[in-house]
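Undergrad: the following block contains a protein sequence and its predicted model.
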Amino acid sequence: MTETILPLTLTGRRILLIIAGGIAAYKSLDLIRRLRERGASVRVVMTEAAQHFVTPLAAAALSENPVHTELFSLTDESEMGHIRLSREADLLVVAPATADILAKAALGLAGDLAATLLLATDKPILVAPAMNVVMWNHPATQANLATLRSRGVFQVGPGSGDLACGEVGGGRMAEPLDIVAAVELALTPIRPLQGRRALVTSGPTFEPIDPVRYIGNRSSGKQGHAIAAALQRLGAETILVAGPTHEPAPPGVRFVAVETAREMLDACLAALPVDIAVCAAAVADWRADTVADQKIKKGAGGTPVLHFVENPDILATIAGRGSDRPALVVGFAAETQDVLAHAQAKRQRKGADWIVANDVSPATGTFGGDLNTVHVITAEGIDSWPPATKAEVAARLAGRIAAIFGGRP
Ligand code: C5P
């Protein structure tokens, strides 16, 4: 007789398992057992579709907990409301994660209990996708998963092989033991930038002409804000110095709102010393040399003539600091022509370690849009990344930054 002693790696961990409607749901019953074997407690939520594949009774028997299926259930609401369901979990696991529930989660829909829980939680989420290969390969599914990953959602699988629909290919749910391993990993967050300080600039600057007028630019702040959020997620204590944008301050990030380039410079210098500086702001190169005290009136002295003076270069100033120069200084180069040549020259001129170059010609839709195609230029060469959402670019850049600080990305 051989005796196997299972490591109780999940002792005291509370898993909320959401079973969505796919044939792989039968494996989720085994997953409940495997999680419990390792010491976790499991509460199960099932979508309506899931109940066509496995019964709540089976899930309740295996989890030794009531199974929740309804968004508006008097019993559940009085005994355990949906907010409590996710609040009292350490991790939400969606297995199988069907194309439908992934789409709902990516969009933030909340039409049933499972989708509502995914929206109403601040806990980590792990998804184990399972679906037919054509659905899996569909750009909609891939885009939804990319969105979820960029928000920090963990993914395990799918593998490929024979599918229940008779086809062969990707879309097979990960095996229960692989999901257990992913649960263990998700509950041990990797924070490779823990103990590091990061400064990020973002958005445009507004340079006043008079009390009501200013010169600005079309920067949305989406890329810079996403970088601050990504660095913070990897454990860096992050300060975001941002010009006027409509983007919300990312959770957990210290946010300093400024208007002009000079205010942005002051706020950045006040934030030093930092280990990492990422200058993603579209800082106005010039400002009016005098700002009128009163609104400039039409007609009085003909057409006004503005005289400009150059603004301080924040990136070059930070990169040129002495003892408090950040270990890594990253600049951006938004160009409309000869992107790589201009960006390489900019890296040298400004003394940055890396330059993230992107083409912002109007046809690319980058300025203000959600997608970005970037090239990362370092002393070692050029790394061109495929088009991705700004959140994905941010996550990848933060991963690359984490890698040079010795942690795992
Ligand atoms: O020279 P250019 O504006 O194209 O350089 C872009 C890079 O320099 C970006 O990283 C931007 O944040 C930074 N920059 C700055 N201060 C300025 C101008 C640009 O930090 N006054």
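TA: Cool, the structure landed. Here the structure is a predicted model, which is why all the values come from computation and not from measurement.
Undergrad: up against the ligand, what does the stretch 101-250 of the chain have?
TA: Selection of the stretch 101-250 of the chain residues close to the ligand by C-beta under 6 Å from any ligand atom yields Thr201. Backbone N, C-alpha and C define where each C-beta goes, glycine included.
Undergrad: the closest residue to Arg38 other than its chain neighbours and Glu263, how far apart?
TA: Nearest in space to Arg38, with sequence neighbours left out and distances taken as C-beta to C-beta, 6 or more residues apart in numbering, is Leu10 at 4.1 Å. Per C-beta to C-beta, to the nearest Å, Leu10 is found 49 Å from Glu263.
Undergrad: which one's more surrounded, the two?
TA: Using other C-beta atoms under 10 Å as the criterion, Leu10 and Glu263 rank with Leu10 on top: 24 against 16.
Undergrad: check for me that the more buried one belongs to a helix.
TA: No. Leu10 sits outside any helix when classified using DSSP: H, G, I helix; E, B strand; the rest coil, being coil.
Undergrad: I figured it hits Ala40, correct?
TA: Yes. Leu10 lies in contact with Ala40 (C-beta atoms under 8 Å); the separation is 3.8 Å.
Undergrad: now do the shared contacts for those two.
TA: Val183 (C-beta atoms under 8 Å, 6 or more residues apart in numbering).
Undergrad: quick one, strands of the stretch 251-400 of the chain?
TA: For the stretch 251-400 of the chain, the strands defined by DSSP state E, counting those that start in this stretch cover 254-257, 276-279, 286-288, 308-310, 328-335, 354-359, 371-372, 374-378, 381-384, 388-389.
Undergrad: just name the most buried of those strands.
TA: The highest mean neighbour count among the strands of the stretch 251-400 of the chain, using mean count of other C-beta atoms under 10 Å, belongs to strand 276-279: a mean of 28.
Undergrad: dump it to PDB, restricted to CA.
TA: Extracted in PDB, the C-alpha atoms of strand 276-279 (Å, rounded to 0.1, in the frame of the first residue of the first chain):
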ATOM      1  CA  ILE A 276      12.300  54.300 -11.600                       C
ATOM      2  CA  ALA A 277      11.100  57.300 -13.600                       C
ATOM      3  CA  VAL A 278       8.800  56.900 -16.500                       C
ATOM      4  CA  CYS A 279       8.100  60.200 -18.300                       C
END
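Undergrad: direction included, what does that strand pair against?
TA: Strand 276-279 pairs in its sheet with strand 197-202 (parallel), strand 328-335 (parallel), by DSSP bridges.
Undergrad: which other residues reach that strand?
TA: 193, 196-201, 224, 227-228, 231, 236, 268, 314-315, 318-319, 326-332, 352, 397, 401, 405.
Undergrad: let's go with 6 Å and repeat that
TA: 198-201, 227, 314-315, 318, 326, 328-331, 401 (C-beta atoms under 6 Å, 6 or more residues apart in numbering).
Undergrad: same question for stretch 343-351.
TA: So stretch 343-351 is contacted by Leu315, Ala316, Ala319, Gly320, Gly331, Ala333, Ile355, Ala357, Ile377 (C-beta under 6 Å, 6+ apart).
Undergrad: neighbours around Asp289, how many?
TA: Residues lying near Asp289 (other C-beta under 10 Å) number 10.
Undergrad: packing partners for whichever helix in the chain runs longest?
TA: The longest helix of the chain (DSSP state H) is helix 390-404. Applying 3 or more C-beta pairs under 6 Å, 6 or more residues apart in numbering; DSSP states H and E, we find helix 390-404 packed against helix 139-150, helix 222-233.
Undergrad: what parts of the stretch 301-409 of the chain come near the ligand?
TA: Asn311, Asp313, Ile314, Leu315, Gly331, Phe332, Ala333, Lys346.
Undergrad: try 5 Å this time
TA: Asn311, Asp313, Ile314, Leu315, Gly331, Phe332 (C-beta under 5 Å from any ligand atom).
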